[in-house]
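Student: need a 3D model of the sequence below.
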Amino acid sequence: MSFASRRLQSLAGLSALTPFDIAGILAVQSKLACFEQQQRGVITRPRWYDKVEVTDRGPWAGFQISLDGRALRTPAKHPLLLPTRLLAAAIAAEWQWQESGKLRPHTMPLMTLAATALDQPKSKEDVIETLLGFLDTDGLCCRSKDPSVSERQSKVLNPILQRAGQRLGADFTTSSSIFGSPQSDAAAIAVQNHLAGLDHWRLAATDSLSAACKSVLMGISVTQGWLTMHEALEAASLEESINIEGWGLVEGGHDIDAADLRVRISAPCVFARLLTLT
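Tutor: As a prediction, this is how the structure comes out:
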């Protein structure tokens, strides 16, 4: 078992890990996921800083990261002020982990999520509208016509779907139709109301997770802590796992996809968790 795989299992007990551990795990995963791109040549920049620091700017501002005394900003030039010390420390560790001669943005998934939350080009309403547009084709609700596959899906996905329904106070339907599984207005309103109640940090995590899992209901469930990272990985990769069982593993294909999915799910999961820890 690889370093990344061993330590990924430890992320369930996140409070036992230091921010440096978390950033290191995600960096290793990101490097693995980007293996194919690295072989083609990834554009990197030299690391121009030596010292990474986190400063408490007070309860109304948040925690600031500085590189050699210069306050870090997002790509859109917004001040990078984080709501919790642990999240700031984890992002600072991502910067500290960078190699002396190479600055690789793709190995800083927590930084990417924080910048997305602050630089979000869409309004909150537009993000919510986009997520609601995928509800009728939610990965938790769309099932296979193949009875053997459908049985596997029911075993893995139904408990997650039922849990989400109970927490959101809505009933969600499943379907094997190629057109998806249209949900009721009441279900859509329940999801909309939940998303509207999220701050921009948690909305960014939910949006990222929803895209990775192909399920807004899983995105919500992971962000809220109703679903563990490992449950989300199993559910999101179920179809791929079934295909591999039937047709075999394609090296350089399925393994790269699996590594990429682990990063895309684990990073926003860790991000959401760090928002709750002080």
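
Student: from here on, just use CA atoms for contacts and neighbour counts.
Tutor: Will do.

Student: for residue 258, what are phi and psi?
Tutor: Phi and psi for residue 258, reported as degrees, to the nearest 10, are phi -70, psi -40.

Student: ok, now residue 267?
Tutor: Dihedral angles for residue 267 - degrees, to the nearest 10 - are phi -60, psi -50.

Student: please apply the same query to residue 185.
Tutor: phi -60, psi -40.

Student: tell me the contacts of it?
Tutor: Counting by Cα atoms under 8 Å, 6 or more residues apart in numbering, residue 185 touches no other residue.

Student: equivalent analysis for residue 206, please.
Tutor: Contacts of residue 206 (Cα under 8 Å, 6+ apart): 216, 219-220, 222-223, 268.

Student: equivalent analysis for residue 203, please.
Tutor: By Cα under 8 Å, 6+ apart, the neighbours of residue 203 are 117, 195.

Student: break this protein down into its domains, please.
Tutor: Using automatic domain parsing, the domain parsing of the chain gives 3-113, 124-236.

Student: minimum distance to residue 276: which of these has it?
Tutor: Closest to residue 276 of these is domain 3-113 (Cα to Cα; 7.9 Å).

Student: quick one: low-confidence ranges for the stretch 151-278 of the chain?
Tutor: Scanning the stretch 151-278 of the chain for pLDDT under 70 picks out 246-255.

Student: helices of that one, start to end?
Tutor: 185-196, 200-213, 216-224, 229-236, 238-247, 254-274 (DSSP state H, counting those that start in this stretch).

Student: about what we covered before: got the domains of the chain as JSON lines, with distance to residue 257 columns?
Tutor: Shown next, in JSON lines, are the domains of the chain (distance: least, Cα to Cα, whole Å):
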{"stretch": "domain 3-113", "distance to residue 257": "7"}
{"stretch": "domain 124-236", "distance to residue 257": "11"}
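
Student: ok so residue 54 is a strand residue?
Tutor: Yes. Assignment of residue 54 by DSSP: H, G, I helix; E, B strand; the rest coil places it within a strand.

Student: what's across from it in the sheet?
Tutor: residue 65 (DSSP bridges).

Student: I figured it hits residue 92, correct?
Tutor: Yes. Counting by Cα atoms under 8 Å, residue 92 is a contact partner of residue 54 at 7.1 Å.

Student: need the overlap of contacts for those two.
Tutor: residue 65.

Student: between those two, point out the one with more neighbours.
Tutor: Neighbour comparison, residue 54 and residue 92: the larger count goes to residue 92, with 26 against 21 (by other Cα atoms under 10 Å).

Student: OK, contacts around that one?
Tutor: By Cα under 8 Å, 6+ apart, residue 92 lies in contact with 52-54, 65.
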